[in-house]
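*Asks:* let's see this in three dimensions:
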Amino acid sequence: PATESWSAEDLRAEQSFVDTHSRLPSGRFMVTLPFLEGEPLFSGSRHMAERRFYKLEKRLLQNPLLHDSYNQFMKEYLELDHMEPVSRPLSEGNGAKIYYLPHHGVTNTNSSTTKLRVVFDASARTQDGYSLNERLLVGPKLQKDIFGILLNFRRYPIVFTADIKMMYRQILIHPDHTNYQRILFRFSPEDPLQDFMLKTVTYGVSSAPFLALRCIQQLAIEGEARFLRASEVLKGQIFVDDIVQGSMSVEEALATKEELIILLRSGGFDLRKWSSNCSEFLNTIPIDIQQSPLSLDSESSYLKVLGLYWCPVQDSFSSQIHVLSTECTKRSILTEVARIFDPLGFLSPVTF
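*Replies:* Sure, this is the predicted structure:
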């Protein structure tokens, strides 16, 4: 990665990754948490997490459907071996290399896969006044600018998009550091409260975006000689876990797709939610891993691409604007305009 504009802390995070990351025999990445100053000690984090869990459980029990969705999410975590039960430590004493993450659910009704996602709160402070996030190096911003990605997307006659399935959770945290990712949970109030530890890069931990994208970059670097097309895509046409790419011909698009599948799979990553403006390209993708449209009209069905509504059939973008529900004033108009997501400025003549 280009490091000219990085701060001293960014460089330390990068060096930590270079020195400590590894590839397992399966090809999956294993990383360590990039701490500010050695492995920190925490006091009272379990008590804090326990208090937060009981409040969460009380809310969940008032909504049986939400409670079932939460349990299902956690059950999947266990079944995929992304977390495992652990014995509770006898005492955190005056400090231990253990941190408990409180958690809560976030519902996304627009998601075609996971309607409820459990988010882990690594910013929760313990009785000693510190959180896990305050003890971590955040790492440099590796995310490419969304404007450039979308602009490049419009250059080509054949375009396609895909999503890296559970990207964060395909990257393992070194066993020496998984105790900093403990949680408390039980599936029923009748069960005893159980300690678990999360074994993968976890959403809500401040270093997670850097670690995840840095692994993708490392995969691109290591695969550049064999998979040049895929390597270039992973270096420049990915936004978080979304791949947005185009080609000048169907043949080139298909070749890029095959390289991406092989290269990402070598690192333990799978692609899903495929979409394209080319039916010939889409016919090579199993229907169960194609992106589901947000509307049923085949001629004008649209998908979400980096926050924008895109109709693959017409290869056009749309926008949803809500009717002003309050009195029309300068303040209310400015508030509504600020809510419009338009990174390429398609609507600028109208919003202006």
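*Asks:* what number of residues lie near the residue nearest to residue 172 when sequence neighbours are not counted?
*Replies:* Closest residue in space to residue 172, ignoring its immediate chain neighbours: residue 30 at 4.4 Å, by C-beta to C-beta, 6 or more residues apart in numbering. All C-beta spots, glycine's among them, are computed from the backbone N, C-alpha and C. When counting by other C-beta atoms under 10 Å, one arrives at 17 neighbours for residue 30.
*Asks:* do the same with the one 5 residues further on
*Replies:* Residues contacting residue 35 under the criterion other C-beta under 10 Å number 18.
*Asks:* mind listing what it touches?
*Replies:* With contacts defined as C-beta atoms under 8 Å, 6 or more residues apart in numbering, residue 35 is in contact with 135-137.
*Asks:* can you list the low-confidence ranges for the stretch 151-300 of the chain?
*Replies:* Low-confidence segments of the stretch 151-300 of the chain (pLDDT under 70): 294-300.
*Asks:* and if we set it to 50?
*Replies:* Filtered on pLDDT under 50, the stretch 151-300 of the chain yields the residue ranges 296.
*Asks:* returning to that earlier point: redo the contacts of residue 35 as TSV? Include secondary structure.
*Replies:* As requested, those are exported to TSV (DSSP: H, G, I helix; E, B strand; the rest coil):
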residue	secondary structure
135	helix
136	strand
137	coil
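*Asks:* just to revisit the earlier point, who does the helix or strand harbouring the residue nearest to residue 172 pair up with?
*Replies:* Under the criterion of DSSP states H and E, residue 30 resides in strand 29-31. Using DSSP bridges, strand 29-31 pairs in its sheet with strand 22-23 (antiparallel), strand 172-173 (parallel).
*Asks:* so what touches the last one?
*Replies:* Contacts with strand 172-173, where a contact means C-beta under 8 Å, 6+ apart, come from 24, 28-33, 181, 198-202.
*Asks:* pipe those residues into a markdown table and attach distance to residue 315 per row.
*Replies:* Listed next are the contacts of strand 172-173 as a markdown table, based on distance: C-beta to C-beta, whole Å:
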| residue | distance to residue 315 |
| --- | --- |
| 24 | 41 |
| 28 | 36 |
| 29 | 36 |
| 30 | 41 |
| 31 | 39 |
| 32 | 44 |
| 33 | 43 |
| 181 | 43 |
| 198 | 41 |
| 199 | 42 |
| 200 | 37 |
| 201 | 35 |
| 202 | 37 |
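*Asks:* need the winner for burial among the strands paired with strand 29-31.
*Replies:* strand 172-173 (a mean of 22; mean count of other C-beta atoms under 10 Å).
*Asks:* from the chain's centre, how far out does that one sit?
*Replies:* Here the centre of strand 172-173 is set off from its chain's centre by 15 Å, with C-alpha atoms, centre = their mean, to the nearest Å.
*Asks:* beyond it, next helix or strand please.
*Replies:* strand 182-185.
*Asks:* which elements pack onto that next one?
*Replies:* Secondary-structure packing of strand 182-185 (3 or more C-beta pairs under 8 Å, 6 or more residues apart in numbering; DSSP states H and E): helix 45-61, strand 194-198.
*Asks:* can I get it in CSV? Just the C-alpha atoms.
*Replies:* Taking C-alpha atoms only, strand 182-185 is exported to CSV below (Å, rounded to 0.1, in the frame of the first residue of the first chain):
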residue,chain,number,x,y,z
ARG,A,182,-15.3,-12.4,24.8
ILE,A,183,-19.1,-12.1,25.0
LEU,A,184,-21.9,-13.2,27.3
PHE,A,185,-25.0,-14.9,25.9
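*Asks:* got a list of contacts for it?
*Replies:* The contact list for strand 182-185 (C-beta under 8 Å, 6+ apart) reads 46, 49-50, 53, 74, 83, 86, 98-103, 120, 193-198.
*Asks:* buried subset of those residues?
*Replies:* Neighbour counting with 16 or more other C-beta atoms under 10 Å marks 46, 49, 53, 74, 83, 98-103, 120, 195-198 as buried within the contacts of strand 182-185.
*Asks:* hang on, the earlier thing: who touches the residue nearest to residue 172 in this structure?
*Replies:* Residue 30 touches 21-24, 171-174, counting by C-beta under 8 Å, 6+ apart.
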